[in-house]
Each structure stands twice: as structure tokens, then as C-alpha cells.
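> got a sequence here, can you build the structure:
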Amino acid sequence: MVIDPWGTVVSRAGNREEIVYARIDLEYEKKVRTMVPSLKNRREDVYLALDKNV
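The predicted structure follows:
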């Protein structure tokens, strides 16, 4: 399944194992990232701690 940043399903597989293709608008993706800058809130300092507990 391919889902856009707002949760809309862009492409969906059937009930079997499949490869799903979808066109991705990179300009739209950039625009959404400026509207919802969730990557700016990531905590890279906890990645190592999470890795140790796996």
C-alpha cells in the first residue's frame, strides 16, 4: 500500500503478495514537509538507546 502524507491511499495491492507502483510528486512532498515539519522533531540522540534494547 502506498499512502500520501495526509493518509489517502494512492495505490493498493490485492490479497496476494504483490509489488505496488505509484507516482510520487516530489514537489508536493516538499510542500507538505514545510507544512508539517515532523522530521525536525526527531530525536537522533535516542536512536542508539533504542538499538541496544532490540
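> ok, for Pro5, nearest residue in space, not its chain neighbours?
The shortest distance from Pro5 to any non-neighbouring residue, by CB to CB, 6 or more residues apart in numbering, is to Val32 (4.3 Å). Just so you know, the C-beta spots here come from the backbone N, C-alpha and C atoms, and that holds for glycine as well.
> distance from the helix or strand harbouring the one you found to the middle of the chain?
Assessed by DSSP states H and E, Val32 sits inside helix 26-35. Distance of helix 26-35 from the chain centroid (CA atoms, centre = their mean, to the nearest Å) equals 12 Å.
> just stretch 16-35 next, same as before
Per CA atoms, centre = their mean, the centroid offset for stretch 16-35 relative to its chain is 8 Å.
> what mean pLDDT does that stretch have?
Averaging pLDDT along stretch 16-35 yields 92.
> that's all I had, so thanks and see you.
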